[in-house]
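K.L.:
please find the sequence and the predicted model below.
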There are 2 protein chains.
Amino acid sequence: MAYTPKTIKPWSRLGSETVYTCRIFSLRKDRNRSPRDGREHDFFVLDSGDWVNIIPVTANDEIVLIHQYRHGIDDITLEIPGGMVDPHDPSPLHAARREMQEETGFDTEDVIPLGAIHPNPAIQGNRCHTFLARNVSKQFETNFDTTEETEVVLIPYQQIPDLVRQGHITHSLVVTAFYWYELLRQAK
Amino acid sequence: MAYTPKTIKPWSRLGSETVYTCRIFSLRKDRNRSPRDGREHDFFVLDSGDWVNIIPVTANDEIVLIHQYRHGIDDITLEIPGGMVDPHDPSPLHAARREMQEETGFDTEDVIPLGAIHPNPAIQGNRCHTFLARNVSKQFETNFDTTEETEVVLIPYQQIPDLVRQGHITHSLVVTAFYWYELLRQAK
């Protein structure tokens, strides 16, 4: 397949400084040089650790979704569980399973990777690792920190493509997760 | 369908200040109050205008993709054309068609909306509007500004799901666009 670039070359990084730091990311300014004309430009990158999300599926082929208030859009979304890989998480899989437990109270031992995506390769260096949790069942009460609260809703998988098409699921990393899962289901 | 939240409520915004501004976005700090316990917390949001991307399809069912160097990941990606809605763009559709013209040299009059997505509702307030351009053909030379350069590659649509599944297409907003397009093709 024709997906190896022939003419495009990477830029070189001449310098880098962190210009602002907050709780969940920091903002970095890089000075990069063009391979085409040698000119220098500034580029801004959001630095943060990797993220995870996870599709929990019950034995009845229902997806465990959550309603959640999102400060970026000042509105409530419909999403799968997810979050940041914490320093004490031994792996992205562990982080994803922990987020599922905390945000939904559902759990399973049967978790497999679906893929990893760049949330935004233009301005972020990190990746989001996506997992599938099979045969989940309710095992815990949800456990919220002071800024997080979720409302769990179970929706049959067959309704998910319509929720994506009709714009009820509006988070790009959640839509990406469901496309991977759909491709996996079709491959079987 | 069970997708109206029953218990989750929005937070109230007590104050807001811009803490850093750069060329393509600014960083905002909000002081918000929890509807659950009344406590106040700071949240950080990346402010920028809306974005667009567009899937150009030829009469032979080939997708016009571009290789592009991305500073966030310091690597070359395989994407569809896209960018920011500029102040002088009369509409997101106009912006998407302009980006397609500039980055690929392909064009058509036949452009329709596929959907709009939140790139990241946790930390960004904006949306990315996605379009489908049908029966595109090469009509211009590509037109790069000083920091942008692309390499055009045509790939039959039937190979796209494999490129997504195998991780050759790694940008969440591009994967989202292709899921919407796949759902539209299945609906016909």
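P.N.:
Perfect, I can see it now.

K.L.:
how close does the residue nearest in space to the middle of chain A sit to B:P56?
P.N.:
Geometric centre of chain A, nearest residue: A:C128, 4.1 Å, by C-alpha atoms, centre = their mean. A:C128 sits 26 Å away from B:P56, going by C-beta to C-beta, to the nearest Å. (C-beta placed from N, C-alpha, C; glycine too.)

K.L.:
try A:T150
P.N.:
Taking C-beta to C-beta, one finds A:T150 at 39 Å from B:P56.

K.L.:
looking only at neighbour counts, state which of the two leads.
P.N.:
More crowded of A:T150 and B:P56, by other C-beta atoms under 10 Å in any protein chain shown: B:P56, with 30 against 21.

K.L.:
would you check that that one makes contact with B:E79?
P.N.:
No - using C-beta atoms under 8 Å, B:P56 is not in contact with B:E79, being 11.6 Å away.

K.L.:
tell me where the model's unsure across chain A.
P.N.:
Along chain A, segments meeting pLDDT under 70 span A:1-2.

K.L.:
distance check, A:T130 against chain B.
P.N.:
10 Å (C-beta to the nearest C-beta, to the nearest Å).

K.L.:
so that residue is in which element?
P.N.:
A:T130 is part of strand A:128-138 when elements are defined by DSSP states H and E.

K.L.:
next, the buried residues of the first helix or strand past that strand going along the chain.
P.N.:
Using DSSP H and E, the helix or strand that follows strand A:128-138 in sequence is strand A:150-156. By 16 or more other C-beta atoms under 10 Å in any protein chain shown, the buried positions in strand A:150-156 come out as A:150-153, A:155.

K.L.:
out of the residues you listed, who's near chain B?
P.N.:
Residues of the buried residues of strand A:150-156 in contact with chain B (C-beta under 8 Å from any C-beta of the partner chain): A:150-151, A:153, A:155.

K.L.:
how much does the longest helix along chain A deviate in direction from helix B:172-187?
P.N.:
When chain A is scanned for its longest helix (criterion: DSSP state H), the result is helix A:172-187. For helix A:172-187 against helix B:172-187, the angle by axes from the mean of the first three to the mean of the last three C-alpha atoms, to 10 degrees is 50 degrees.

K.L.:
residues contacting the residue nearest to A:E62 when sequence neighbours are not counted?
P.N.:
With C-beta to C-beta, 6 or more residues apart in numbering or on different chains as the criterion, A:E62 has its nearest non-adjacent residue at 4.4 Å, and that residue is A:L154. By C-beta atoms under 8 Å, 6 or more residues apart in numbering or on different chains, the residues touching A:L154 are A:58, A:62-65, B:2.

K.L.:
list the neighbouring strands of the strand holding A:T130 plus their orientation.
P.N.:
strand A:51-58 (parallel), strand A:106-107 (antiparallel), strand A:111-117 (antiparallel) (DSSP bridges).

K.L.:
tabulate those (CSV), appending distance to B:G105.
P.N.:
Converted to CSV, those look like this (distance: least, C-beta to C-beta, whole Å):
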stretch, distance to B:G105
strand A:51-58, 35
strand A:106-107, 49
strand A:111-117, 28
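
K.L.:
among these, which is the most enclosed?
P.N.:
Among the strands paired with strand A:128-138, strand A:51-58 has the highest mean neighbour count (mean count of other C-beta atoms under 10 Å in any protein chain shown), at a mean of 25.

K.L.:
so A:D75 touches B:I8, yeah?
P.N.:
No - using C-beta under 8 Å as the test, A:D75 is too far from B:I8 to be in contact (10.4 Å).

K.L.:
what touches both of these two?
P.N.:
Shared contacts of A:D75 and B:I8 (C-beta under 8 Å, 6+ apart): A:Y69.
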